[in-house]
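Undergrad: The following block contains a protein sequence and its predicted model.
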Amino acid sequence: MGQFPRHRLSLVLDLKELSIETFIGHALSPALDSICVQETGPICITDMLVLVQDSTHWLQIEPLTSTVQGVTMFRHRTPKGSYECTVAGLRWLCERDVILKYHFRNWEPYSQLLKDMQYTQGGPLLDITMELGELEEVHLPHFVCLGTNPSLRNEMKILHAEEHGVSLEEVHEVTRFHVKILHPKFSPIALILRLLSWNVDVHCELILYLTVKGETLISRLYLFPWNPGQIQAVELQEKSHGSSRILISRPEQSFKLYSFFRLNIPCSTSINPQKIHLIQRDTTPSFFKAIVKITGIDIEMELFGDDERTAWKEKVSRYEYITDTCSTSAVSGAGGPAESSLTGSAEQQLRSVRTEFVKQVSRPVLNELLDRLLQHTVIHQEEMESVKVIAERAEKARDIIDMVLRKGTESCSRMINLLGELDPNLWSQLQISVGVPTEW
């Protein structure tokens, strides 16, 4: 984390004077990075910027989904409370029972209009309908990073796509990943951002899919500004091709919109295109396609920015892509005998079932597992807090298992045994077992 200037600044909040110098220790979260302001806690400070943060507790819920004329529809029925959709990232606050449904809309009909207005997309375009009741607040997801350019929050507007044109609305409040609107009236709605310059940082998504063709592994690495609608589109397309998603780490920093990136995979025979332009697309996002011979080795990936500095690195273990994408016979023929997920060290076993663990483990088990891992000193308090704030179940599961895998065989043994206690059915399905003393 970067160093903050040691200035004394007084604020008057509820008629009480607070000194930033004395308050700063409580305001900064251990998970706060130097790029973006954190969304937890009452106040957050980056350099000398002071933002009032969203301190509401949001209950994460999964939507009911249906398909209407090829469009995926999301529907929620909720009593009084504050909620967040685990798929779309949409948040809402209601004082009584409500029923809302929504789906992602294509930006293409409004692309030229945005250019004429000198605005660009700042998040997904959502078409929201209230079937019952009304909302006190709605918080729309966005991908704009405010940490390096706080003045951008003054250039944000809410766009309403209406039958005979569009209208703009002021944003009530901006937090790290959301913009707040009070007493909203709905039409297709989204955040847009005035383009004063090209110097805009955005939160990005990296998604990796692998496909096996004989003894060849085909990887597709997607890079695009974070957008749950596009994540959904990529998943649908890749599933239709029979590809397997490999969960990878997210970039630790935001990227500049309209910049270029190149990918290096030392063991690949080809990578196309050579560079990707980071822009918003209404069609399938840009991706690197790499061809790799299956030789039973780990696959190292490195993403470079315009300045040739490393923007992201990842190593895909042979156990992951062998388990997820290849049959045992195919791998044996390519590079020697494949290891069964029932043998090997605890670390090897846990790594071999990583994808199935992420797919199947429930949210209550994850929460209990976090507490037990902390209790047995497998993880420390700051690590637990950094995972607890993750809303998406699969993302939380991935972070937990990756955190333990980095700590070695003994920690993996403890997690396997804890999982056996907390979810015997899943433990049995994964077919993992190691001998660990019952008292730690």
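TA: Everything's here; your move.
Undergrad: CA atoms for contacts and neighbours, from now on please.
TA: Will do.
Undergrad: contacting residues around the spatially closest residue to Asn227 that is not a sequence neighbour?
TA: Of all residues beyond its chain neighbours, the one nearest Asn227 is Pro124 (5.8 Å), with distances taken as C-alpha to C-alpha, 6 or more residues apart in numbering. Neighbouring residues of Pro124 by C-alpha atoms under 8 Å, 6 or more residues apart in numbering: Phe104, Arg105, Pro141, His142, Ala190, Leu191, Asn227, Pro228, Gly229.
Undergrad: Quick check: Val212 is in a strand.
TA: Yes: when DSSP: H, G, I helix; E, B strand; the rest coil is applied, Val212 is found to be in a strand.
Undergrad: how many other residues sit next to His139?
TA: Neighbourhood size, His139 [other C-alpha atoms under 10 Å]: 23.
Undergrad: show me where pLDDT drops low in this protein?
TA: Counting by pLDDT under 70, the ranges of the chain that qualify are 1-56, 148-150, 196-198, 282, 321-343, 433-440.
Undergrad: buried subset of the contacts of Pro124?
TA: The neighbour count (16 or more other C-alpha atoms under 10 Å) marks Phe104, Arg105, Pro141, His142, Ala190, Leu191, Asn227, Pro228, Gly229 as buried among the contacts of Pro124.
Undergrad: And the fourth one, how close does it get to Ile401?
TA: Which is His142. 28 Å (C-alpha to C-alpha, to the nearest Å).
Undergrad: one step back: which of the contacts of Pro124 fall in strands?
TA: Taking DSSP state E as the definition of strands, the contacts of Pro124 contribute Phe104, Arg105, Pro141, Ala190, Leu191.
Undergrad: Domain-wise, how is this structure divided?
TA: For the chain, the structural domains run 59-194, 208-335, 346-430, going by automatic domain parsing.
Undergrad: Show the end-to-end separation of the longest one, please.
TA: Yep, that's domain 59-194 we're talking about. 32 Å.
Undergrad: So for Gln274, what's the nearest residue that isn't a sequence neighbour?
TA: Nearest-residue entry for Gln274: Arg262, 6.0 Å, with adjacent residues in sequence omitted and distances by C-alpha to C-alpha, 6+ apart.
Undergrad: Now for the one you found: which residues touch it?
TA: By C-alpha under 8 Å, 6+ apart, the neighbours of Arg262 are Gln274, Lys275, Ile276, Leu303, Phe304, Gly305.
Undergrad: mind redoing it with 6 Å?
TA: Taking C-alpha atoms under 6 Å, 6 or more residues apart in numbering, we find Arg262 in contact with Gln274, Lys275, Leu303, Phe304.
Undergrad: And Thr120, by the same measure?
TA: Contacts of Thr120 by C-alpha under 6 Å, 6+ apart are Ile192, Leu193.
Undergrad: Give me the next element, helix or strand, following the helix or strand hosting it.
TA: Using DSSP states H and E, Thr120 maps to strand 119-121. Later in the chain than strand 119-121, the nearest helix or strand by DSSP H and E is strand 125-132.
Undergrad: Ala311 versus Glu252, what's the distance?
TA: Noted for Glu252: a distance of 8 Å to Ala311, by C-alpha to C-alpha.
Undergrad: One more: His376?
TA: From His376 to Ala311 the distance is 34 Å (C-alpha to C-alpha).
Undergrad: neighbour count winner among these two?
TA: More crowded of His376 and Ala311, by other C-alpha under 10 Å: Ala311, with 19 against 14.
Undergrad: Are we agreed that the residue nearest to Gln274 is in a strand?
TA: Yes: assessed with three-state DSSP, Arg262 lies in a strand.
Undergrad: what's across from it in the sheet?
TA: Phe304 (DSSP bridges).
Undergrad: related to what we said a few turns ago, what is the nearest of the ones in strands among the contacts of Pro124 to Gln381?
TA: Pro141 (28.4 Å; C-alpha to C-alpha).
Undergrad: Spatially nearest residue to the closest one, not counting backbone neighbours?
TA: His178 is the one closest to Pro141 (C-alpha to C-alpha, 6+ apart), at 4.5 Å.
Undergrad: Could you do Ile99 as well?
TA: Closest to Ile99 by C-alpha to C-alpha, 6+ apart is Arg77, at 4.4 Å.
Undergrad: tell me which strands and helices the helix or strand that neighbour falls within is in contact with?
TA: Per DSSP H and E, Arg77 falls inside strand 71-78. Counting contacts by 3 or more C-alpha pairs under 6 Å, 6 or more residues apart in numbering; DSSP states H and E, strand 71-78 is packed against strand 64-68, strand 98-105.
Undergrad: one more time with 10 Å, if that's ok
TA: Packing partners of strand 71-78 (3 or more C-alpha pairs under 10 Å, 6 or more residues apart in numbering; DSSP states H and E): strand 64-68, strand 81-85, strand 91-94, strand 98-105, strand 125-132, helix 228-240.
Undergrad: And the helix or strand hosting Met403, how far out from the chain middle?
TA: Assigned by DSSP H and E, Met403 belongs to helix 393-405. Its chain's C-alpha centre and that of helix 393-405 lie 12 Å apart, by C-alpha atoms, centre = their mean, to the nearest Å.
Undergrad: CA-only coordinates of that helix in CSV, if you can.
TA: Extracted C-alpha coordinates of helix 393-405, given in CSV (Å, rounded to 0.1, in the frame of the first residue of the first chain):
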residue,chain,number,x,y,z
ARG,A,393,-19.8,-17.8,-3.9
ALA,A,394,-17.5,-19.3,-6.6
GLU,A,395,-15.1,-16.5,-6.3
LYS,A,396,-14.9,-16.9,-2.5
ALA,A,397,-14.4,-20.7,-2.9
ARG,A,398,-11.6,-20.1,-5.3
ASP,A,399,-9.8,-17.6,-3.1
ILE,A,400,-10.0,-20.0,-0.1
ILE,A,401,-8.6,-23.0,-1.8
ASP,A,402,-5.9,-21.0,-3.6
MET,A,403,-4.9,-19.4,-0.3
VAL,A,404,-4.5,-22.8,1.4
LEU,A,405,-2.7,-24.3,-1.6
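Undergrad: Residue numbering should commence at 284 henceforth.
TA: I'll keep to 284 as the first residue from here, and by that count the last item is helix 676-688.
Undergrad: picking up where we left off before, check which residues of the strand holding Arg360 are buried.
TA: Neighbour counts over strand 354-361 (16+ other C-alpha under 10 Å) mark Met356, Phe357, Arg358, His359, Thr361 as buried.
Undergrad: Fine by me, we can end here.
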